[in-house]
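# need a 3D model of the sequence below.
(chains A and B)
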Amino acid sequence: MKLLEYQAKELFDQYGLATPKGVVLSSGEGAAEAVAAAGLDYPVVVKAQVQVGGRGKAGGVRFAQNPEELAEIVGALLFSSLKGIQVRQLLVVEKVEMAAEWYLSILLDRDAGMPMVIFSPCGGVDIEETARENPGAILKVPVNPLVGVADYTVQYLVSKSGIGGEHLPALKNLLCGLYRLFTQRDCLLAEINPVAVGKDGTLAAVDGKIDVDDSALQRHADLLAMREAHSEPPLVTQARAFRFLYIPVGAEGRVAVMSNGSGMLMSMIDLLSKKEISVACALDLGGGATKDRIREAVRIVLSTPGVDTLFICIFGGITRCDEVAEGVRLALEEGSGGSKVVVRMEGTNKEVGQEIIGRTPQAVSAGGIVEGVRIVSEMLSASAGRRDAK
Amino acid sequence: MSILVGTQTRLIVQGITGREGTFHTEQMLAYGTNVVAGVTPGKGGQRALGVPVFNTVREAVEATGANASVLFVPAQHLKASAMEAIDAGIPLIVTLAEHTPVQDMMLCRMLAREKGVRLFGPNSFGIISPGKSKVGFMAHSIFTPGPVGLMSRSATNCYETVFMLSQRGIGQSTCIGIGGDMIPGTSFVEMLPDFQRDEQTEVIVIIGEIGGSAEERAAEYIQAHVTKPVVALIAGKNAPKGTSMGHAGAIVAADGTGSAQNKEKALREAGCHIAQSTEHVVELVQELIRREKH
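Below you'll find the model as predicted:
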């Protein structure tokens, strides 16, 4: 789960990392009063809390010199849409004077199987460009999780980057705090960009990104509660209630795919794409393909705008095909606006399942994944043909 | 011979008295797996399905000389159980649970390496040497003994491939569920020496997917050390970029590393046969085995 900026700031504060003084606004009323109550001095920065790349360039970060400007900006920005996502909160912070901008992050490096510290004395909005054009300016150092961040880790960063030994104590403090946050809060990524370097050498986390491991959210009730503030497609939320994973794939497609494993979903999307068929969404059922769960899953994917064809591929040793088929039949019976479903399944009671599919008007059985893709392709061209005839 | 698990395996089931543990222990026993002990804290002294239950892994090892353990424990308890098995000196540990916190596995993997323990999973179906032993919850009826050594990050793509292989009369030496998580205990490259050495294995199949560089590292090793034919499939070419597909691992790096194209290129240059679908894997394997026979 990727946290919003103000949520990351809350965690930075918890772990003793200095951040600019700020306040979160989720209502346009009394913005200036809230900013005054939080003790902020003008000029302030108003930042839209949405997870989109190039937020600043899209107008999501603005400066206010006084309360009047603030009210105007808040009125324009709050509840507006930024790159298609509604702005539900604004973070207002004091503008920080920076002598330099650094970059510091800890990433879970999947190949090394351990955390990796990434540091650059050239931080800020162009860090990715720096990575491409001047990779030498970016330092990477792995951290053995059985040891943690050691003095030599910080020494290495200071020495190689040439920032000057006087920065060592402050950088060590910042990195140790960030590492504690990273490990104690089950992060996949904890990033500070930029690290504001003050004229007196103090370091502050001006903006941050934190990605928390979804599998660990259960043990962080406070982080789990942060999800409430996130904007996500309603079908994703609906699916999660049944422990399904709903993945929007493309805005164009008429086809949805469903399976009991993400590997199979990827294979289905690959094979359909090869036939130039766009997939709108994918749904991972996880385990336990009972008829009620299948019915809900079919209902959810078929309610995706523009989707009228569903391809289901289920392969599990103990999956009961009759349950799968019954779930499909029930969902179609309850109304699905003429959508078609292609079902490929292996497991126990396969014959019974196929018999149920056989007498369900809008459903077809497929013998294998490739045959299923062929049937979907034929269905799409047949319906396109009918449309042309009209 | 097959690798990792076989007639020599003396297995402990951690979490034997749980619902999943009981069901799958019964399945494993029926398949012929030598389950010598179960572990559930607080239930030591009981028997489950005729198997003695112990409070701790150490007691189970002392009493039975077990040399492998499989964990039917919830994801949130996986770390404690795996650490216990590592500390008790079990040389082969298979974890299965979905949604295991990645940093938990990271620590287990580090410790396992320190101790020379082979740790597999999580988010995996386990390991099976068809006809000899199964350790995990895979649908064993589709597996048949034979010459194909297979390892896969995805369970569903593995099942699909094995099902078609068996239908065409091509069996498997050992099938390994590497698991779909971001940091698996053991990756492809570490299993290649075993498959290369194994007399029963004639063709190696790797079913990978986007994200990470496990396939690229396997390609390097294959180039230098593997003489047996290798067939590889990379799933996720057309997966939405930057989106997790449920396997926490399947995240395509923005700069192209971890992409299907990168992986296929590396494997092709290492001399592997690249398949475009699970059905294509089976066709390529069939062709390679036919060629070997003549």
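# low-confidence ranges, the stretch 101-250 of chain B, go.
By pLDDT under 70, the low-scoring segments of the stretch 101-250 of chain B are B:241-250.
# is any residue of stretch A:360-369 near chain B?
Yes. Stretch A:360-369 reaches chain B (CB under 8 Å from any CB of the partner chain) through A:Gly368, A:Ile369. For the C-beta atoms, the positions are set from N, CA and C on the backbone; glycine is no exception.
# can you list contacts of that stretch?
Outside stretch A:360-369, the residues within contact range by CB atoms under 8 Å, 6 or more residues apart in numbering or on different chains are A:264, A:267-268, A:271, A:313, A:325, A:328-329, A:332, A:336, A:338-344, A:354, A:357-358, A:372, A:375, B:160, B:164, B:277-279.
# can you name every helix or strand that the host helix or strand of A:Ala331 contacts?
Assigned by DSSP states H and E, A:Ala331 belongs to helix A:321-333. On a contact count with 3 or more CB pairs under 8 Å, 6 or more residues apart in numbering or on different chains; DSSP states H and E, helix A:321-333 meets helix A:291-302, strand A:309-320, strand A:340-348, helix A:350-358, strand A:363-365.
# among the ones you listed, which is nearest B:Met83?
Comparing the helices and strands packed on helix A:321-333 against B:Met83 with CB to CB, the closest turns out to be strand A:309-320 (29.9 Å).
# number of residues surrounding residue 293?
By default, I'm working from chain A. When neighbours are counted by other CB atoms under 10 Å in any protein chain shown, A:Arg293 registers 19.
# my question was about chain B
Using other CB under 10 Å, B:Lys293 has 7 other residues around it.
# A:Glu68 now?
For A:Glu68, the neighbour count with other CB under 10 Å is 10.
# are any of the contacts of stretch A:360-369 buried, and which?
Neighbour counting with 16 or more other CB atoms under 10 Å in any protein chain shown marks A:264, A:267-268, A:271, A:313, A:325, A:328-329, A:332, A:336, A:339-344, A:354, A:357, A:372, A:375, B:160, B:164, B:277-279 as buried within the contacts of stretch A:360-369.
# can you tell me which helix in chain B is longest?
Identified as the longest helix of chain B according to DSSP state H is helix B:278-293.
# so B:Lys263 makes contact with B:Ile234?
Yes. B:Lys263 lies in contact with B:Ile234 (CB atoms under 8 Å); the separation is 4.8 Å.
# which neighbours do the two have in common?
With CB under 8 Å, 6+ apart as the test, B:Lys263 and B:Ile234 both reach B:Gly208, B:Ile210, B:Glu215.
# narrow those residues to those in helices?
Using DSSP H, those in helices are B:Glu215.
# want to throw the shared contacts of B:Lys263 and B:Ile234 into JSON lines with distance to chain A and neighbour count?
Listed next are those as JSON lines, based on distance: CB to the nearest CB, whole Å; neighbours: other CB atoms under 10 Å in any protein chain shown:
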{"residue": "B:Gly208", "distance to chain A": "10", "neighbour count": "28"}
{"residue": "B:Ile210", "distance to chain A": "8", "neighbour count": "27"}
{"residue": "B:Glu215", "distance to chain A": "11", "neighbour count": "28"}
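# any chance of the shared contacts of B:Lys263 and B:Ile234 in CSV, plus distance to A:Leu77?
Converted to CSV, the shared contacts of B:Lys263 and B:Ile234 look like this (distance: CB to CB, whole Å):
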residue, distance to A:Leu77
B:Gly208, 44
B:Ile210, 36
B:Glu215, 44
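# can you give me the helices in the chain?
No chain in the question, so chain A it is. Listed in chain order, the helices found in chain A under DSSP H are A:5-14, A:31-37, A:67-77, A:127-133, A:151-161, A:168-184, A:221-226, A:234-241, A:262-274, A:291-302, A:321-333, A:350-358, A:369-389.
# wait, I meant chain B there
Using DSSP H, helices in chain B cover B:19-31, B:57-64, B:78-87, B:102-115, B:155-167, B:188-197, B:214-225, B:260-269, B:278-293.
# just to revisit the earlier point, which one of the helices of chain A lies nearest to A:Phe119?
Across the helices of chain A, closest to A:Phe119 is helix A:151-161 (CB to CB), at 4.8 Å.
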